[in-house]
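**Q** what follows is a predicted protein model with its sequence.
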Number of protein chains: 4
Amino acid sequence: MTVSVAVAGASGYAGGEVLRLLLGHPDVEIGALTAGSNAGERLGALQPHLLPLADRVLVDTTIETLSGHDVVFLGLPHGQSAAIAQALGDDTVVVDCGADFRLTDPGEWTAFYGGAHAGSWPYGLPELPGQRELLRGAKRIAVPGCYPTVSTLAIVPAIAAGLVEPDVTVVAASGTSGAGKAAKPHLLGSEVMGNASAYGVGGTHRHTPEIVQNLSAVHGAPVQVGFTPLLVPMARGILATVQAPLRDGVDLGGVRDAYASAYDPEPFVHLLPEGQWPQTQSVLGSNAVQVQVAVDERVRRLVAVAVVDNLAKGTAGAAVQCMNLALGLDEATGLSTIGLAP
Amino acid sequence: MTVSVAVAGASGYAGGEVLRLLLGHPDVEIGALTAGSNAGERLGALQPHLLPLADRVLVDTTIETLSGHDVVFLGLPHGQSAAIAQALGDDTVVVDCGADFRLTDPGEWTAFYGGAHAGSWPYGLPELPGQRELLRGAKRIAVPGCYPTVSTLAIVPAIAAGLVEPDVTVVAASGTSGAGKAAKPHLLGSEVMGNASAYGVGGTHRHTPEIVQNLSAVHGAPVQVGFTPLLVPMARGILATVQAPLRDGVDLGGVRDAYASAYDPEPFVHLLPEGQWPQTQSVLGSNAVQVQVAVDERVRRLVAVAVVDNLAKGTAGAAVQCMNLALGLDEATGLSTIGLAP
Amino acid sequence: MTVSVAVAGASGYAGGEVLRLLLGHPDVEIGALTAGSNAGERLGALQPHLLPLADRVLVDTTIETLSGHDVVFLGLPHGQSAAIAQALGDDTVVVDCGADFRLTDPGEWTAFYGGAHAGSWPYGLPELPGQRELLRGAKRIAVPGCYPTVSTLAIVPAIAAGLVEPDVTVVAASGTSGAGKAAKPHLLGSEVMGNASAYGVGGTHRHTPEIVQNLSAVHGAPVQVGFTPLLVPMARGILATVQAPLRDGVDLGGVRDAYASAYDPEPFVHLLPEGQWPQTQSVLGSNAVQVQVAVDERVRRLVAVAVVDNLAKGTAGAAVQCMNLALGLDEATGLSTIGLAP
Amino acid sequence: MTVSVAVAGASGYAGGEVLRLLLGHPDVEIGALTAGSNAGERLGALQPHLLPLADRVLVDTTIETLSGHDVVFLGLPHGQSAAIAQALGDDTVVVDCGADFRLTDPGEWTAFYGGAHAGSWPYGLPELPGQRELLRGAKRIAVPGCYPTVSTLAIVPAIAAGLVEPDVTVVAASGTSGAGKAAKPHLLGSEVMGNASAYGVGGTHRHTPEIVQNLSAVHGAPVQVGFTPLLVPMARGILATVQAPLRDGVDLGGVRDAYASAYDPEPFVHLLPEGQWPQTQSVLGSNAVQVQVAVDERVRRLVAVAVVDNLAKGTAGAAVQCMNLALGLDEATGLSTIGLAP
C-alpha cells in the first residue's frame, strides 16, 4: 500500500519535521507541499536539510492543492484548520499539528486562545489509557502540544495508579524550535544563546489546560496543574520536571512498578534504569520519550523527569505515529527510538 | 586604604572570577595566587581572559604563601579550608567560597557531605534579614552556594511576610561552570551543547540543606524544600523557579509589596516591573539578582523566578561583597549591577 | 571634567554596548537615549542588563533630542549619519558606529553599499600607524567595522615591516550579534545554534574594501584581500585567521619581533606567548585584541590569528576609545583588557 | 544476506555513530560491542541515545571478542589497529576509523604521528577519482579523517579539471565531537560554549598530510596545502573554506561545470544552486556533503565551501559506505542524505 500525503505548512518547523520523517516511511508518497508567503520557492532554499525534496516547489495552501491525497498534515497558524478539514471531506485523514482541535472544553479554549471553539478531534497521544483505540481508523486527529506530551507522560502512570495527589507542578525547559520559525527579536540567536528565561509564568501558557485535560481524564476528577515553561539555549528538546505529593505508603518500588507496567508495552516510552537520568540529547530526532522517577522522602513528593524532542515525538513524530494508527499500519512504521548524539 | 589579598585556587572558575572582580576593585592589591597541580604555571596560560595578571606565576597553596595578606579567598576542594583558616590566624579575613562552613547542623553536613562537620562561619548572604550586621567586621565568612543564593532570594520575602506555606519547590536550571573546571566526560562540550539534563533529583543535591537552613531561619520554623537542579547548555547563569502554596487572601499586590519592601533598599536584588521576566543573560558578570513573581490563581501558588550569575553573585561577587562588609568598605565597591548582553 | 553624552540607537546592540561601557566611564554623564520604533519604551524593557538605566525612557532620534551634548554616539542604519552630524554642528564630537564615513574611495562605497558616498571621517583605529594622532581632538570619527578591526590588526605589523606579499586571505568566524537585533529568520536561535555557515563569499561582504583600505594605506600600495566571513553559534566574538605569503628569508623570530614592536606599546593589543592560541572567550566584554602568529614552513605562509569582541573593541569599545582621544582623556579610560570567562 | 558486525570502541563517539547507522542498516546484525576501560558496562549507560541496544554489555577489546564476525569496525586509539587486523585474518572485512593506515608515505607518518608507519590500506573516500573501484571487495579499509574528507571534496573537482594552481588554503571550523570523548579541560562545555579558537596552526595538524596526499594524487604532482582548524561551539559538523588561485581564463561557469560533472553522479555530494551557501545544520546525522563555490574576481581565487557531519560522512557514515562497497551492497544502504534540522 502506498499512501499519498500532502503537507500544509511545509516551510515551517513542524512541516519540515513531518517531511523528514515521511522521507523514511516506506508506505508514503509525498504529494503537495504547501505554504503561505513562501509559496513559489524551492523547498531546498527553505529546508536545505531535506535534500531529496530540494527541487520541489511550494504551492499555495488551498483546498485545491491539498485535495486528492489520502492524508493531509496541517502545520498552520491557529484558526485555519477547521475550514480546510471540512472542505477535504471525510475520506481524507487529516492530522492537525496545531491546537485548534485539542481541547474539549469550549470555555478553556476561549480562556486561553480567545475566540470560538472549533470543536475537538481524537487526541493523538496513544499512550494515554484507552486512547490508542480511539485513533485506529480515525479520520481526524489533533496532535498534542509538545509540553503536554512530555508532561503528561511523565506523571500519568502515577495518577492512573492513584499514587499521588491530584496536584501537579510542571517546570519544563524547552529548546527554541517550539516557538516556530517566525522571526521575533527575543528568539534571535544572540538573545537565546547563553541565556535561560521563563515565560508564560503563573499558569498562562496555552498548554496548561491541555495538561489538565489529559490528567483529569485519567484521574476521573479534576487534577490541579501548575505549569511553568522555560526557554533554554538549544534548538530542540524539552526536559520536563513533574512533581506531585505522594500518597501515604507509596515508595519508590511502587512507583517504578506503576511506570514499568504502563510503559513496558509501549514502543516509544522508556523508563530508565535506576540511577540514570534523562537528557534531551538522547531523543533528538527520535520518537522516544525517556522517563525517570525519584521519591523525595523529605518532602514526600514524586519527582518525575521526562525528555522528548519537541519537533519529533512532541509534534511530527506523534503525527506520523497517529497516521499509522489511522491507516491501520504498524504504529512504529517510519519512526525510530534512536537519537542523534552527541 | 589598600588591602592585600591572596587567592587560593586561582586557576579554577571561582578563583578566576574573584580575580576578575578584584582587578576592578579600587582598594585591593592582588598578592599571592595559589594552586594545586597548576602551581608553577603562568596565570595567562590558565586564565587568558585576565590579561593584567597574565605574567603572574601560580604558587603552591600553603600557609606560607597565603600568610601576610589582609584577606584570603579560598576556592578549594571540600575539606581543605579549616586547616588553612586556623593557621592564618584571626587577623586575616578569610572568605571561603567552598561549602565547609556553610551549614550549622552537623547532622545535615554528615548526611549530605559525609565526614565530620568543620563548624560554621557567618553566612555570606547579606540580603537575608539581619544577616548584613553579622558580616560587618567578620573575620571568617562562608560564601553561599550558587543555587541557595538564587533560590533563597527568590522566595524569602514571601516566607518572611508569611504569605506562603512553608512548603517550597525549587527547580533551577544552571550553566555548566557551576560544576567546576575538573574535566569529566559528562561535562564535555559535546555532551552539554544541545542538551538539557536533570541531576541530583529527589532532594539529594548538597545545596538542599542550605536552602532549608536559610528559609527555616527566616520562617522561625522548619521549611520543607524540594530541590531539583537542571543542567542547560550555557556556561554561566542560573534561573530558579521557586514555588509555594499561597496562604488565603494573598494576592499579587500583596506579594509585590512584600518583595518591593525587601528589595528596594538592596543594592543588588532587583524586582522587575510587572510583565517583564528574568533572563540569565541580563546578569552575566554582574552582582545583580533579578526577580519576578506571579500568582497562579488556578493552583493558588506563588511562582517566583530569579536569575543570578552563578560565578559572580553566586560565588565570587558575593565573596567580594562580603569582603567589603568585613573590611568596613562600601558594600558595592568593585561590583556592578550591569550584565554583559547579548 | 564631566562630558555629556547622547546615544542614538540605544535599543540596538551597538548602542547598548556603548551604554554598558559609558556606565563605567568616570568622566561621562549619560544624556539622551534615542531610538526609532522603540522610542517611548523603558530602556529596561529592551536592555534589561543595563539596570542603572532601566527607568530611562527612549526618545525619538532627532536633532533636537541629540543637541546640547558634548558627544553623540550614532548607532543607526546606513545613510542616516550625515544629516544628523551636519545639524549637530562642529562643537559636538560625533562618533559614528555605522559605515557611512569609513571608506575614502567613493567608487568602493558605491560598489559595496550603493548610492552616493557621504564622505570620510578620521578612521577610529588608533593602532594603525600614525592614526592615533589624527584622532586626538577630532570632532568626527568613523568607528571601524568589526571584521576590519580584527583582520587589520592581525596582519598589519607584517605588512608594515614588509614581511609578507601584499596578498592577504582572511577567514573570520563571527558570533551573531554582529548582524544586529533586527529579527530575520536565518538569525533565529533555532537556526544558528549547532550550526556554522558561510556568507558574503567571494569578496562580496561590505567590510572587504575597508580591510583593503587599511592594509593598502600601511603598505603604500594596493594590497589584495580575499575575505570570507563565517557565522558560528555564539552571540559575541570574532576569530580571524589571516594569511599571507612570507617573503624570502623571513622566519618566525622576525615575525614575532615585528609584532612585538608594533603591539608592546599598545594598551589593547596583546601578542600571546609562543604556544598559546587566541580564543574569543578571553576578550568577551573587553577592549583587548589577542593575537598569535605562526609560520607554516611547508607553504611559506604567515598565519596570524586574532580575536576581538565584535561589540566591544569591534564597535562600542573602539567608539569609547576614540571619544577619549577626541576629548584628550587617557585613551583607556573606562575600558578594560579583562574578559568575561568562562 | 545478513552480515555480522562487531564494533571495537563502542563507547566512543565514532563507535556510537557506527552503531546508530548500523541500527538502520537492513543487512546487518550487530554482534560484539567492545571497549577499553568501559568494558562491563551497559551500553545504555554510555550511549543512552541508542535505545535498542541499551541492554547490551560492552566486552573487552580482544581478538577473541572480535573474531567470528564478517565485518569489524575499529574505533580505537592510534597504533592499536595493526595487531588486531592481522589477527582477524583476511576473511574479515576490517574498517578502521582511526588514522593508522591512511597515509602512504612513511616519512609523513613519522613526521606527524611519530613512531613507525604501520602501512596503508585502501583509502575510504569513494568520491575520489578512481577510488571507488579500489574499495569494492576490499578487505581492509582506512576511513579518512573528518577534515580531509570535507576539505578534499571541496576542492578536488577544481584540481582535477586543472582550474586552479596547486596551492590550497583550508580553514575549517569544527564542532567539538571530533576531539573525542576523553575528558580534557579545554573541551569542557564551559570552555567551548560562547567560544571560538584556533589550534594546530601553521600546518601542524595531523590531517594536513592526508589532504596533501589526496589532492596530490589527483593532481599528479605535489599540491601545497596550508591547513588551519578552528573549534567552534557546536557538537557536530565541519564547515571548510577552501581556496586556491584560479588559472587564467577560468570563470564561475567553468568551475560550476567541473563540480557538476564530478558530483551529479555522486549519491552523497551535492553542489548547491547558485546563491545558496552550505550550513552544517543541513547535514547533521546525514551522509551528505553540501558544496558551494564562488569566484573572487578581485583576488582571482576560487573559494569553495563545504559542510559535513564529522561523525557521519566524516567518520562513521564513510565507514558504512565503505563496508557496503566492500560487501558488494548498494553503496547507499543504511545511509541518508537527510539532515536533522533545526
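**A** Received the coordinates, thanks.

**Q** helices of chain A, start to end?
**A** A:13-22, A:43-46, A:63-66, A:81-88, A:106-113, A:131-135, A:146-160, A:189-192, A:208-219, A:252-263, A:317-327 (DSSP state H).

**Q** now tabulate these in JSON lines and tack on mean neighbour count, mean pLDDT and distance to chain D.
**A** From N, CA and C alone the C-beta is placed, and that goes for glycine too. Shown next, in JSON lines, are those (neighbours: other Cβ atoms under 10 Å in any protein chain shown; pLDDT from 0 to 100; distance: least, Cβ to the nearest Cβ, whole Å):
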{"stretch": "helix A:13-22", "mean neighbour count": "27", "mean pLDDT": "98", "distance to chain D": "6"}
{"stretch": "helix A:43-46", "mean neighbour count": "20", "mean pLDDT": "98", "distance to chain D": "6"}
{"stretch": "helix A:63-66", "mean neighbour count": "17", "mean pLDDT": "98", "distance to chain D": "24"}
{"stretch": "helix A:81-88", "mean neighbour count": "17", "mean pLDDT": "93", "distance to chain D": "23"}
{"stretch": "helix A:106-113", "mean neighbour count": "16", "mean pLDDT": "96", "distance to chain D": "25"}
{"stretch": "helix A:131-135", "mean neighbour count": "16", "mean pLDDT": "98", "distance to chain D": "20"}
{"stretch": "helix A:146-160", "mean neighbour count": "28", "mean pLDDT": "98", "distance to chain D": "14"}
{"stretch": "helix A:189-192", "mean neighbour count": "28", "mean pLDDT": "98", "distance to chain D": "11"}
{"stretch": "helix A:208-219", "mean neighbour count": "24", "mean pLDDT": "98", "distance to chain D": "24"}
{"stretch": "helix A:252-263", "mean neighbour count": "17", "mean pLDDT": "98", "distance to chain D": "12"}
{"stretch": "helix A:317-327", "mean neighbour count": "27", "mean pLDDT": "98", "distance to chain D": "12"}
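
**Q** and of those helices, who's closest to C:Glu17?
**A** Checking the helices of chain A against C:Glu17 by Cβ to Cβ gives helix A:189-192 as the closest, at 11.8 Å.

**Q** rewinding a little: the helices of chain A: which one's closest to B:Ala312?
**A** Of all these, helix A:189-192 sits nearest to B:Ala312, with 20.2 Å by Cβ to Cβ.

**Q** which residue does the stretch 1-150 of chain A have closest to chain B?
**A** A:Ala111 (10.3 Å; Cβ to the nearest Cβ).

**Q** next, count neighbours for A:Gly42.
**A** You called it Gly, but residue A:42 is Arg. By other Cβ atoms under 10 Å in any protein chain shown, the residues close to A:Arg42 number 17.

**Q** residue contacts, it?
**A** For A:Arg42, the contacting residues are A:Ala54, A:Asp55, A:Arg56, A:Val57, A:Leu58, D:Pro273, by Cβ atoms under 8 Å, 6 or more residues apart in numbering or on different chains.

**Q** quick one, phi/psi of the first one?
**A** Main-chain torsions, A:Ala54, degrees, to the nearest 10: phi -60, psi -30.

**Q** likewise for the one 4 residues further on?
**A** Listed backbone geometry of A:Leu58 is phi -70, psi 140, with angles given as degrees, to the nearest 10.

**Q** so what's the nearest residue to it once chain neighbours are set aside bridging to?
**A** Once flanking residues are discounted, A:Leu58 sits nearest to A:Ala35: 4.2 Å by Cβ to Cβ, 6 or more residues apart in numbering or on different chains. Listed by DSSP bridges, the beta-bridge partners for A:Ala35 are A:Asp60.

**Q** right, and A:Ile159 touches A:Ala221 too?
**A** No: the criterion here is Cβ atoms under 8 Å, and A:Ile159 misses it with A:Ala221 at 10.2 Å.

**Q** joint contacts of the two?
**A** A:Pro166.

**Q** show me what contacts the residue nearest to the residue of the stretch 1-150 of chain A closest to chain B when sequence neighbours are not counted?
**A** Leaving aside its sequence neighbours, A:Ala111 sits nearest to A:Pro209 (Cβ to Cβ, 6+ apart; 7.4 Å). Contacts here follow Cβ under 8 Å, 6+ apart; on that basis A:Pro209 touches A:Leu103, A:Asp105, A:Glu108, A:Trp109, A:Ala111, A:Phe112.

**Q** and which of the residues you listed is nearest D:Gln279?
**A** Nearest member of the contacts of A:Pro209 to D:Gln279, counting by Cβ to Cβ, is A:Phe112, at 36.2 Å.

**Q** show me the contacts for the closest one.
**A** Listed by Cβ under 8 Å, 6+ apart, the contact set of A:Phe112 reads A:Leu103, A:Arg206, A:Thr208, A:Pro209.

**Q** CSV for these, including distance to D:Leu302?
**A** Output for the contacts of A:Phe112, formatted as CSV (distance: Cβ to Cβ, whole Å):
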residue, distance to D:Leu302
A:Leu103, 57
A:Arg206, 51
A:Thr208, 56
A:Pro209, 58
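
**Q** in those residues, find the pair that's most separated.
**A** Spatial extent of these (Cβ to Cβ) is set by the pair A:Leu103 and A:Thr208 at 10.6 Å.

**Q** list the contacts for A:Glu108?
**A** A:Glu108 neighbours (Cβ under 8 Å, 6+ apart): A:Pro209, A:Val212, A:Gln213.

**Q** ok, now A:Gly98?
**A** Applying Cβ under 8 Å, 6+ apart, we find A:Gly98 in contact with A:Leu74, A:Gly75, A:Leu76, A:Pro77, A:His78, A:Gln80, A:Ser81, A:Val143.

**Q** which stretches of chain A have low pLDDT?
**A** Counting by pLDDT under 70, chain A contains no low-confidence segment.

**Q** got the domain ranges for it?
**A** A:3-143+A:314-327, A:147-308 (the TED database).

**Q** which non-adjacent residue is nearest A:Ala54?
**A** Counting by Cβ to Cβ, 6+ apart, A:Gly44 is the residue found nearest to A:Ala54 once chain neighbours are left out, at 3.0 Å.

**Q** try A:Leu163
**A** A:Val250 (4.8 Å).

**Q** any idea how far C:Asp90 is from that neighbour?
**A** Using Cβ to Cβ, to the nearest Å, A:Val250 is found at 80 Å from C:Asp90.

**Q** these two: who's more crowded?
**A** Shown here are A:Val250 and C:Asp90; by other Cβ under 10 Å, A:Val250 has more neighbours (19 against 10).

**Q** which bits of the stretch 101-250 of chain A sit near chain B?
**A** Counting by Cβ under 8 Å from any Cβ of the partner chain, the residues of the stretch 101-250 of chain A lying close to chain B are A:167, A:169, A:171, A:173, A:175, A:188, A:190-191, A:193-199, A:201-203, A:208, A:224-226, A:228, A:230, A:232-239, A:241, A:243.

**Q** and chain C, which of those reach it?
**A** Filtering these for proximity to chain C by Cβ under 8 Å from any Cβ leaves A:Gly175, A:Leu188, A:Ser190, A:Glu191, A:Met193, A:Gly194, A:Pro233, A:Met234, A:Ala235.

**Q** may I ask which of the residues you listed has the most neighbours?
**A** Using other Cβ under 10 Å as the neighbour test, these are led by A:Gly175, with 32 neighbours.

**Q** please tell me I have it right and that one contacts A:Val232.
**A** Yes: here A:Gly175 reaches A:Val232: they are 6.9 Å apart, a contact under Cβ under 8 Å.
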